[in-house]
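Asks: Generate a structure from the sequence data that follows.
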Amino acid sequence: MAYKLITSIFVVLILTSCGTEKYSGDFSYQVEDFSYTSQAGETLSKSDLDGQFWIANMIFTNCTSICPPMTANMARLQGLLDDAGIDAQLVSFSVDPTNDTPEILQEYIEERGGNFDNWHALTGYSDDDIKQFANQSFKAFVENPDNSDQVIHVSKFYLVSPEGNTIKSYDGEKAADMTKIVEDIQAMN
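Replies: Reported below is the predicted structural model:
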């Protein structure tokens, strides 16, 4: 009887571990499917990022507060990833898609030291779409009160696992957190 019980427990443990994620972090939120327009005018979908780490943030080009340092830090992160030999993608979602055209996003990122070898700046959706997407995929707040010129949004960077789950967040305004992102990816590889 004890043998059957132990065997049953062992089988249950094996079966339940089959569905677990390979990568774990502080939480796990499944990123919703998306298909948006990049700074190059091309479509980037979630499926294009499957199987690799990627780091997401939310910005807009008319931002007068947190977006310039966040974008500079994403460019810093791009260099750190390259130096470490880590093949990860960077994805910046515009929270002001009405004003942020692909061309404007490209110029904005280039002016802050970024390049598009592995960085995608996305637009081509509605304000409501990005609000819902940010909330569902990152548990992030985005609000454009009365369609003002300043959108309220989080200053976090989000690490997304190769399985497509958001697993960690970092302060996008702190340069030191860029090193933490690199260290966390290295520890998971």
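Asks: Tell me who's in contact with residue 119.
Replies: 74, 78, 89-92, 109 (Cβ atoms under 8 Å, 6 or more residues apart in numbering). (Each C-beta comes from the backbone N, C-alpha and C, glycine too.)
Asks: Out of the residues you listed, which two sit at the greatest distance?
Replies: The most widely separated members of these, counting by Cβ to Cβ, are 89 and 109 (13.9 Å).
Asks: Tell me which of the two has more neighbours.
Replies: Under the criterion of other Cβ atoms under 10 Å, the comparison of residue 89 against residue 109 puts residue 109 first, with 25 against 18.
Asks: pretty sure the more buried one contacts residue 91?
Replies: No. Residue 109 sits out of contact with residue 91 when judged by Cβ atoms under 8 Å, with a separation of 11.6 Å.
Asks: And the residue most central in space within the chain, how far from residue 90?
Replies: When Cα atoms, centre = their mean is applied to the chain, the residue found nearest the centroid is residue 56 (2.0 Å). The gap separating residue 56 from residue 90 is 8 Å, by Cβ to Cβ, to the nearest Å.
Asks: With residue 59 instead?
Replies: On the measure of Cβ to Cβ, residue 59 and residue 90 end up 11 Å apart.
Asks: Repeat that for residue 134.
Replies: Using Cβ to Cβ, residue 134 is found at 17 Å from residue 90.
Asks: okay, the residue nearest to residue 87 when sequence neighbours are not counted: pLDDT?
Replies: Spatial nearest neighbour of residue 87, excluding adjacent residues (Cβ to Cβ, 6 or more residues apart in numbering): residue 52 at 6.6 Å. With respect to pLDDT, residue 52 has a value of 97.
Asks: the strands in this structure, which residues?
Replies: In chain order, the chain shows strands spanning 29-30, 35-37, 43-45, 54-59, 89-94, 119-122, 142-143, 152-153, 156-160, 165-171, with DSSP state E as the criterion.
Asks: helices or strands up against the last one?
Replies: Using 3 or more Cβ pairs under 8 Å, 6 or more residues apart in numbering; DSSP states H and E, the elements in contact with strand 165-171 are strand 29-30, helix 127-138, strand 156-160, helix 175-188.
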